[in-house]
Every structure is written in structure tokens, then in C-alpha cells.
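# structure, please.
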Amino acid sequence: MSLRALLQRVKQSRVTVHGKTLAEIGHGLVILLGIGHGDGEEQARFLAEKIANLRIFEDEQGKSNLSILDVGGEALVVSQFTLYADTRKGRRPSFTDAALPENAAPLVERFTGLLGMQGIPTKMGEFGAHMLVEIHNDGPVTIWLEK
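Predicted structure coming up:
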């Protein structure tokens, strides 16, 4: 499989569980992260480095020439197994390609740590929880990445 990340450039974002704010960021990226069977350290490292250096923020001329590192942005990582939805058959999505929670949870934490090691202040939602995710998409800019 391949690690999947849906990036959204945001002005701000917040994750709430049971009415309590768990994580909140300002200008930066929300990263919805899907872990598939067989994903591991190699995929996590590749995507963390790619995301840290991806030039999707505007410079003074309004061109996408700056990375999240260049603009001093923050990141919020939210585990999202539904990125592995298979809707080819029937009306109910299948999620059989998503990694089991006991395999996915440590890799979500590892990815979050690797992103932080790139120099990006990084927070995360709560794995497996029903989260309310507020996303104030900036642009909107939404990018799909896989490794």
C-alpha cells in the first residue's frame, strides 16, 4: 500500500473531542493521514520531508514559492483511515485496505514526530476518537500525496 496524506493549507484549525480542544494551530497545514497495510518508516520519512519542503505558500508576489518551513507555519496531523475508502462496489465504503489500529497508531505518532524533527511545530488529534475538526482552508489549497 502507500501512506496517504491530504494536505490543506489553513489560516487556523482545531481538533475537539467531547467538547474539549485537544490541539489548535494557526497558519500552516492540516494533514489528514491514512495508513495502509505495509506502510512503515520509509513512507513516513519520505512524506514528512516532502511536506516540510513542499512550496505551497505564497511569496510577496503571490506565487507558491514558499514551504511551511519558510513561512514559520504549524502542522496538525489527524489520523484518517477513511482515506482508504473503496467505493467500487455497493453503497457502503469498504476500509479493508486501511491498516489495523494497532499498526496505524504508532506510525501516525512516528510521522508526527518526524514532521516535528523537520522543524515544524506539530500537533495531532486523538487516534481512534470521534473528532470535530475545524479547518479554515486558505485558498483553498488542498493537495493529495502518496508514498
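# tell me the contacts of residue 113?
By Cβ atoms under 8 Å, 6 or more residues apart in numbering, the contact set of residue 113 is residue 122. (C-beta placed from N, C-alpha, C; glycine too.)
# next: residue 133.
Contacts of residue 133 by Cβ under 8 Å, 6+ apart are 13-16, 30, 78, 125.
# restricted to strands, list the residues you listed.
Among the contacts of residue 133, the ones falling in strands (DSSP state E) are 13-16, 30, 78.
# save these as JSON lines, and put in distance to residue 69, pLDDT and neighbour count too.
Shown next, in JSON lines, are the ones in strands among the contacts of residue 133 (distance: Cβ to Cβ, whole Å; pLDDT from 0 to 100; neighbours: other Cβ atoms under 10 Å):
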{"residue": "13", "distance to residue 69": "18", "pLDDT": "98", "neighbour count": "24"}
{"residue": "14", "distance to residue 69": "22", "pLDDT": "98", "neighbour count": "20"}
{"residue": "15", "distance to residue 69": "22", "pLDDT": "98", "neighbour count": "24"}
{"residue": "16", "distance to residue 69": "28", "pLDDT": "98", "neighbour count": "17"}
{"residue": "30", "distance to residue 69": "17", "pLDDT": "98", "neighbour count": "26"}
{"residue": "78", "distance to residue 69": "21", "pLDDT": "98", "neighbour count": "21"}
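# what is the most widely separated pair among those?
The distance between the two most remote of the ones in strands among the contacts of residue 133 (Cβ to Cβ) is 13.7 Å, for 16 and 30.
# can you show me the strands along this structure?
4-17, 20-25, 28-34, 57-58, 64-66, 74-79, 122-124, 132-146.
# next, format the ones in strands among the contacts of residue 133 as a markdown table and append distance to residue 60.
As requested, these are arranged in a markdown table below (distance: Cβ to Cβ, whole Å):
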| residue | distance to residue 60 |
| --- | --- |
| 13 | 25 |
| 14 | 29 |
| 15 | 32 |
| 16 | 35 |
| 30 | 25 |
| 78 | 31 |
